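Novice: sharing a sequence plus its predicted fold:
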Amino acid sequence: MSDEGFDRGTALSLLADESRVRIIEELGDATVSPDTGIPSVPYADLKSRVGIRDSGRFNYHLTKLLGNYVAKGEAGYRLRWPGMVLYRALVAGLLTGEADRSIDPAPVGVDCYRCGEPVEGHLYETLFRVRCSACEANYADIYVPPRGLVGKDPEAMLETVHRRSRTVLDAMSSGQCPWCAAEVAVEIRDGDGSLPSLHDTRDLEAYAVFRCTNCTGFNYTPVSQVLLYHPAAIAFYHEHGRDLTAVPKWELRWAVTDETTEVLGRDPWRFRVRVPLPGETLVAVIDQHLDVVESRIEEAEG
């Protein structure tokens with residue numbers, strides 16, 4: 001095969017044999033290092049790692065991978081970027097949908113802002129949800145690779161979910177898909193009593209939808225949640241001795257409800273969001289593009 005790569009059908013068909021998957025895994029295990037980068041693995045070493053004694057059989061499968069997933073040089077073989085992406089997906093469990101049934105629901109330390117019952121984090125099929133089981137208000141809904149959760153205590157697991165959620169939504173709110181790097185389209189919708197997820201009963205007057213224009217990447221949030229990633233809100237928290245990036249969104253009532261969000265206009269959309277902290281409140285005006293067009297600090301009343 002040439003170094004120009006394959007069409008999608010050919011690229012996917014190459015993964016139908018376990019021996020080729022093993023080659024990808026062993027090249028990844030052998031070469032991924034912050035000290036060495038991605039060096040080459042000699043032929044004999046790679047053959048031994050994969051565990052195929054028959055040279056003809058090994059050569060056949062290795063040759064199939066050359067050009068798209070694997071590169072050959074004087075020093076041996078290495079993963080090309082598509083091979084590295086595949087390797088990372090394999091070890092993260094992204095392609096197998098691995099789920100550890102021992103991951104039990106974990107209390108997140110807050111009560112539901114809708115009904116007052118305790119909120120828990122739990123796995124739902126391939127998603128991790130932070131949700132009230134009493135009224136079904138859903139405060140986070142994010143895919144986390146299973147390997148990132150297995151074996152962690154509840155505190156560490158929730159920290160992983162928080163960081164994953166922040167990474168994904170930070171990228172989407174800035175206009176780039178975290179999965180395929182294509183452009184993300186932004187739309188504001190009227191809540192009208194329903195939300196995109198059937199498992200979310202929050203009553204939002206309006207909400208923001210982030211949709212990748214290329215792949216199926218999709219998320220929706222209260223309009224106020226865009227402030228989690230804006231310098232004005234991050235600086236406001238910093239001035240009060242707090243790191244906003246370290247606070248899970250489900251602990252921030254203003255970010256997961258629209259209780260402090262006022263609709264100023266609908267054609268075009270315009271909002272005023274109040275972010276309260278002891279003694280002061282950040283007031284931000286957000287336009288139809290979810291850009292913060294005004295911000296100021298007000299002293300708390302009383």
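Specialist: Cool, got the structure. Residues are numbered from 1 along each chain as shown.
Novice: which stretches of the stretch 151-300 of the chain have low pLDDT?
Specialist: Regions of the stretch 151-300 of the chain meeting the criterion pLDDT under 70 are absent.
Novice: quick one, strands of it?
Specialist: Under the criterion DSSP state E, counting those that start in this stretch, strands of the stretch 151-300 of the chain are mapped to 184-190, 206-212, 218-222, 261-266, 269-277, 280-287, 292-299.
Novice: how about those, which one is nearest residue 246?
Specialist: Comparing the strands of the stretch 151-300 of the chain by their distance to residue 246 (C-beta to C-beta), the top pick is strand 269-277, with 14.8 Å. (C-beta placed from N, C-alpha, C; glycine too.)
Novice: name the helices or strands packed onto the closest one?
Specialist: Where contact means 3 or more C-beta pairs under 8 Å, 6 or more residues apart in numbering; DSSP states H and E, strand 269-277 is packed against helix 231-239, helix 253-256, strand 261-266, strand 280-287.
Novice: verify the stated contact: residue 11 with residue 82.
Specialist: Yes. Taking contacts as C-beta atoms under 8 Å, residue 11 lies within contact range of residue 82: 7.4 Å.
Novice: ok, now which ones touch residue 203?
Specialist: Contact partners of residue 203, counting by C-beta atoms under 8 Å, 6 or more residues apart in numbering, are 114, 191, 193.
Novice: pull out the buried residues from the residues you listed.
Specialist: Restricting the contacts of residue 203 to buried positions leaves residue 114, with burial counted as 16 or more other C-beta atoms under 10 Å.
Novice: closest one to residue 123 out of the contacts of residue 203, please.
Specialist: Minimum distance to residue 123 across these is 21.9 Å, recorded for residue 114 (C-beta to C-beta).
Novice: does the closest one really touch residue 137, like I thought?
Specialist: Yes. Using C-beta under 8 Å as the test, residue 114 is close enough to residue 137 to be in contact (4.3 Å).
Novice: shared neighbours, those two?
Specialist: Jointly contacting residue 114 and residue 137 under the rule C-beta under 8 Å, 6+ apart are 201-202.
Novice: leaving out chain neighbours, which residue sits closest to the residue nearest to the spatial centre of the chain?
Specialist: Most central in the chain under C-alpha atoms, centre = their mean is residue 168, positioned 3.6 Å from the mean C-alpha point. The shortest distance from residue 168 to any non-neighbouring residue, by C-beta to C-beta, 6 or more residues apart in numbering, is to residue 178 (5.0 Å).
Novice: residue 109 now?
Specialist: residue 251 (7.3 Å).
Novice: so what's that neighbour up against?
Specialist: Contacts of residue 251 were listed using C-beta under 8 Å, 6+ apart, and they are 108-110.
Novice: among these, who's most crowded?
Specialist: Compared across these, residue 108 has the highest neighbour count, 22 neighbours, by other C-beta atoms under 10 Å.
Novice: ok, that residue to residue 48 distance?
Specialist: 47 Å (C-beta to C-beta, to the nearest Å).
Novice: cool, and residue 64?
Specialist: Counting by C-beta to C-beta, the gap between residue 64 and residue 48 amounts to 19 Å.
Novice: what do you get for residue 155?
Specialist: Between residue 155 and residue 48 the distance, using C-beta to C-beta, works out to 42 Å.
Novice: residue 31 is in contact with residue 46, correct?
Specialist: No. Residue 46 is beyond contact range of residue 31, at 10.0 Å (criterion: C-beta under 8 Å).
Novice: who does residue 270 bridge with?
Specialist: Per DSSP bridges, the residues bridged to residue 270 are residue 265, residue 287.
Novice: can you check residue 77 too?
Specialist: In this structure, residue 77 has the following beta-bridge partners (DSSP bridges): residue 41, residue 72.
Novice: that one: neighbour count?
Specialist: With other C-beta under 10 Å as criterion, residue 77 counts 23.
Novice: contacting residues for it?
Specialist: 27, 40-41, 43, 46, 62, 70-71.
Novice: nearest to residue 120 among those residues?
Specialist: Compare each of the contacts of residue 77 with residue 120 using C-beta to C-beta and the shortest gap goes to residue 27, at 40.6 Å.
Novice: give me the secondary structure label for the closest one.
Specialist: Each residue gets one of three states, and residue 27 gets helix by DSSP: H, G, I helix; E, B strand; the rest coil.
Novice: what sits against residue 140?
Specialist: Residues in contact with residue 140, defined by C-beta under 8 Å, 6+ apart, are 121, 128-131, 161, 165, 248-250, 256.
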